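# The following block contains a protein sequence and its predicted model.
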Amino acid sequence: MEFLGLYNYWVFAILLMTGLYAVISRANLIKKLLGMTIFQAAVFLLYISMDKVDGATAPIIPAGAVDQLYSNPLPQVLILTAIVVGIATLSLGLAIVVRIRESYGTIEEDEIRGMDEE
Amino acid sequence: MNAFGDHLPAIQIVVPLVTAPLVMLLRQRGLAWAAATAASLFSFAVAFALVMTVRDAGLQSYAVGSWPAPYGIELIVDEFSALLLLIVTGASTGSLLIAHTSLKGEIADDRQHLFYTAWLLALAGLSGIAVSGDAFNIFVFMEISSLATYILVAGGPKRQALSAVFKYLIMGTIGATFYLIGVGLIYMMTGTLNLADMEARIGEVADRNPVLVAGGFITVGLALKAAVFPLHGWLPNAYTYAPHAVTVFIAACSTKVYLYVLLRFDFFVFQGNLPGHIAQFSGFMLPLAIAAVLIGSGVALFQKDLKRLLAYSSIAQIGYILFGASLVSLTGLTAGIAHMFNHALAKGALFLAVASLASACGTLTIDGISGAARRMPYTMAAFVVASLSLIGVPGTAGFVGKWYLVVAAVELGPHGALLIVPILASSLMAVFYIWKVVESAYFGPSEGGDEALVAVRSESPWWVLAVLWGVVLLNVYFGLQPLLPLELARGAATSLLAMP
């Protein structure tokens, strides 16, 4: 039961490793960036999962409510920032891939390495 | 203290951050450079004022937006962060002063204002890391500075700069994400992001798995960012292919800022709260530090490219800093932190000399600079003095850090004395790889025959030489008067080890 109860965290771990594996194993630069994005998305899931409080609602408290249980809003705010950072990183990475394609004519890492060594 | 002085920690970040978009609007190359340099000089003055304040009055805490810690973001300036601020703003100012001349031909004139914008963002991010007392805030500044640094490195004239920066981006992002995972796990267990509050609360949950995992993620993630051996793969190419002025900037300060965060976490937050943590840290880092010291210098021996040679030497120097820290003694930490400052001066001066050489030499290889000393006597003389500081010759700044490292190793007893061997071996290798450069520049044949070129000097303009010699003389000054960095380093080490 504990295994199922923690399934968010299992998904986090699997996504994290999938992303990292793609970054390491793929030679195509776009696929590397995709792997990196999956890797970062896994962390978003970790943060979102941790703010869940059993039986709690969204952190909106109507007037007059007493002792209302609500989920922790802070990790969501934090991860909003991290998502923005992730988008900025991805777009910069893609911009670099475009420049690489313009000057090398390829986006395969092994071919680029071959040209660099010449 | 007056009202302005109270806000210095915030001003440190705000000035470069606000100047950055203004520089983008200026559009004209000279104006953009002047504005960026002015902002950087101002930041340097603020850092200096903070150093003086911290020396007199101790730790400075600043509540952003007047929200009290631990709820609001707290900026903290103690001896350690003040020293870091001095390194970061000093490196930025020194390299910007030569950037106007050095970037000519490396970056198109109509793009340079954008380049200076990225530069100021990198400066704001790096200063932000140094002053922030909030774990998540540090992550945000880390990404601001990293993204800006990628842009700066990608500005290099050769296409290899692009493949180098792609590797840097991937590895940097993985490092930062590891750090983010670690911070998330700690937040999960302690419910706080404020470093001081974290330190107070983490003891209660010290034996829980998430905290231990968090320690691992944070240490490895930051080690990747700081290019600790064997996670240094991104560094040599990034340093080699970046524009020369950028290499001066990032080589002098960026890895040190991440080492600072690493030490902050491992000593300030974890040490004393997690049982056995510091013994683990030392057992894990000391072998890596020794390997970095030996392999970094060893690989440098075989490099033909001047910038790559100095980049591998930087990997060895990161090893020295970590070596001091992983001895976990007051002297060891003092040595490591003082070496941060001294190495920034030495490596900054060396890369400034390389930037100056670049104006007259076609290729910056050992063969390419053959006979360069006859054409550029002042630049090469500066290179030699800065090298002496890198090697650690008495009377230069580099000596002070290494001397304290040796003292710290001897303090550990007979086993510790053995640890001196890698330090000395690496310094000896430094003599050899520097000698290769000096031999080629002073005794190598000039292109097109000696007689023709002896008369034709093509020395860099006076302002480049003035900056270069200014930094070189600082190397000598802090070699003879090491009180300021040592006092700050000792203060930092004392607070990291939580000593009275």
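Arrived safely. Numbering: from 1, shown residues only, chains lettered A, B, ... in the order given.
# In chain A, mark out all the helices, start to finish.
Taking DSSP state H as the test, the helices found in chain A are A:2-5, A:7-25, A:29-50, A:74-104, A:109-117.
# Looking at those helices, which one is packed in the most?
Comparing the helices of chain A by mean neighbour count (mean count of other C-beta atoms under 10 Å in any protein chain shown), helix A:29-50 ranks first with a mean of 20. Backbone N, C-alpha and C define where each C-beta goes, glycine included.
# Compute the inter-axis angle for that one and helix A:74-104.
Helix A:29-50 runs at 180 degrees relative to helix A:74-104, counting by axes from the mean of the first three to the mean of the last three C-alpha atoms, to 10 degrees.
# Quick one: list the elements packing against helix A:29-50.
Contacts defined by 3 or more C-beta pairs under 8 Å, 6 or more residues apart in numbering or on different chains; DSSP states H and E place helix A:29-50 against helix A:7-25, helix A:74-104, helix B:160-190.
# make it 10 Å
On a contact count with 3 or more C-beta pairs under 10 Å, 6 or more residues apart in numbering or on different chains; DSSP states H and E, helix A:29-50 meets helix A:7-25, helix A:74-104, helix A:109-117, helix B:160-190.
# Contacts made by the third one with the rest, please.
Which is helix A:109-117. Outside helix A:109-117, the residues within contact range by C-beta atoms under 10 Å, 6 or more residues apart in numbering or on different chains are A:26-29, A:31-32, A:100, A:103-106, A:108, B:158-160, B:162-164, B:166-167, B:237, B:241.
# That helix: how far from the chain's middle?
Centroid displacement of helix A:109-117 relative to its chain, using C-alpha atoms, centre = their mean, to the nearest Å, is 29 Å.
# That helix versus helix A:74-104: what angle between them?
Using the same axes, to 10 degrees: helix A:109-117 against helix A:74-104 is 50 degrees.
# tell me the mean pLDDT for helix A:109-117?
Here helix A:109-117 scores 85 as its mean pLDDT.
# C-alpha coordinates for that helix, CSV please?
Extracted in CSV, the C-alpha atoms of helix A:109-117 (Å, rounded to 0.1, in the frame of the first residue of the first chain):
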residue,chain,number,x,y,z
GLU,A,109,27.1,15.4,-31.7
ASP,A,110,29.5,12.8,-33.1
GLU,A,111,29.8,14.5,-36.4
ILE,A,112,30.4,17.9,-34.7
ARG,A,113,33.1,16.4,-32.6
GLY,A,114,34.7,15.0,-35.7
MET,A,115,34.7,18.4,-37.3
ASP,A,116,36.1,20.1,-34.2
GLU,A,117,39.0,17.7,-34.1
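# That one to helix B:160-190, inter-axis angle?
Going by the same axes, to 10 degrees, helix A:109-117 makes 130 degrees with helix B:160-190.
# tell me the contacts of the closest residue to chain B within chain A?
Nearest residue of chain A to chain B: residue A:103, at 4.1 Å (C-beta to the nearest C-beta). Residues near residue A:103 by C-beta under 10 Å, 6+ apart: A:112, A:115, B:158, B:159, B:160, B:161, B:162, B:163.
# Of the contacts of helix A:109-117, keep whichever come out buried.
The neighbour-count test (16 or more other C-beta atoms under 10 Å in any protein chain shown) marks A:26, A:29, A:32, A:100, A:104, B:159-160, B:162-164, B:166-167, B:237, B:241 as buried among the contacts of helix A:109-117.
# got the phi/psi numbers for the residue of chain A positioned farthest from its centre?
The C-alpha centroid of chain A is most remote from residue A:64, which lies 38.6 Å away (C-alpha atoms, centre = their mean). Torsion angles at residue A:64 (phi, psi; degrees, to the nearest 10) stand at phi 90, psi -10.
# Sketch out the low-pLDDT regions of the chain for me.
Here I'm looking at chain A. A:1-4, A:118 (pLDDT under 70).
# wrong one, I was asking about chain B
Counting by pLDDT under 70, the ranges of chain B that qualify are B:1-3, B:362, B:447-457, B:499-500.
# center of it, which residue is that?
Closest-to-mean residue, chain B, C-alpha atoms, centre = their mean: residue B:253 / 2.1 Å.
# and it, that one's in a strand?
No. Judged by DSSP: H, G, I helix; E, B strand; the rest coil, residue B:253 forms no part of a strand; its state is helix.
# ok, it - contacts?
Taking C-beta under 10 Å, 6+ apart as the test, what residue B:253 contacts is B:84-92, B:95, B:122-123, B:126-127, B:130, B:145, B:260, B:340, B:344, B:347-348.
# same question, residue B:391
Neighbouring residues of residue B:391 by C-beta under 10 Å, 6+ apart: B:313, B:346, B:398-399, B:402, B:426-435.
# now these: which count as buried?
Buried among those (16+ other C-beta under 10 Å): B:313, B:346, B:398, B:399, B:402, B:426, B:427, B:429, B:430, B:433, B:434.
# Contacts only, for the last one.
Same thing as residue B:434. Residue B:434 neighbours (C-beta under 10 Å, 6+ apart): B:300, B:309, B:310, B:313, B:350, B:383, B:384, B:386, B:387, B:388, B:390, B:391.
# one more time with 8 Å
B:387, B:390, B:391 (C-beta atoms under 8 Å, 6 or more residues apart in numbering or on different chains).
# Residue B:183: which of the residues you listed is nearest?
Nearest to residue B:183 out of the contacts of residue B:434 is residue B:390 (C-beta to C-beta; 35.2 Å).
# What number of residues are in the vicinity of that closest one?
28 (other C-beta atoms under 10 Å in any protein chain shown).
# what does chain A have sitting close to chain B?
A:16, A:20, A:23, A:29, A:32-33, A:36, A:39-40, A:43, A:46-47, A:50, A:75, A:78, A:81-82, A:85, A:88-89, A:92-93, A:96-97, A:99-100, A:103-104, A:112-113, A:116 (C-beta under 8 Å from any C-beta of the partner chain).
# hmm, 7 Å instead?
Contact residues, chain A versus chain B (C-beta under 7 Å from any C-beta of the partner chain): A:23, A:29, A:32, A:36, A:39-40, A:43, A:46-47, A:50, A:78, A:81-82, A:85, A:88-89, A:92-93, A:96, A:99-100, A:103-104, A:112, A:116.
# number of nearby residues for residue B:200?
Residue B:200: 14 neighbours (other C-beta under 10 Å).
# Can I take it that it is in a helix?
Yes. According to three-state DSSP, residue B:200 belongs to a helix.
# distance of it from chain A?
Using C-beta to the nearest C-beta, to the nearest Å, one gets 19 Å for the distance from residue B:200 to chain A.
# so which of the helices and strands packed on helix A:29-50 gets nearest residue B:462?
Smallest distance to residue B:462 across the helices and strands packed on helix A:29-50 (C-beta to C-beta): 29.4 Å, for helix B:160-190.
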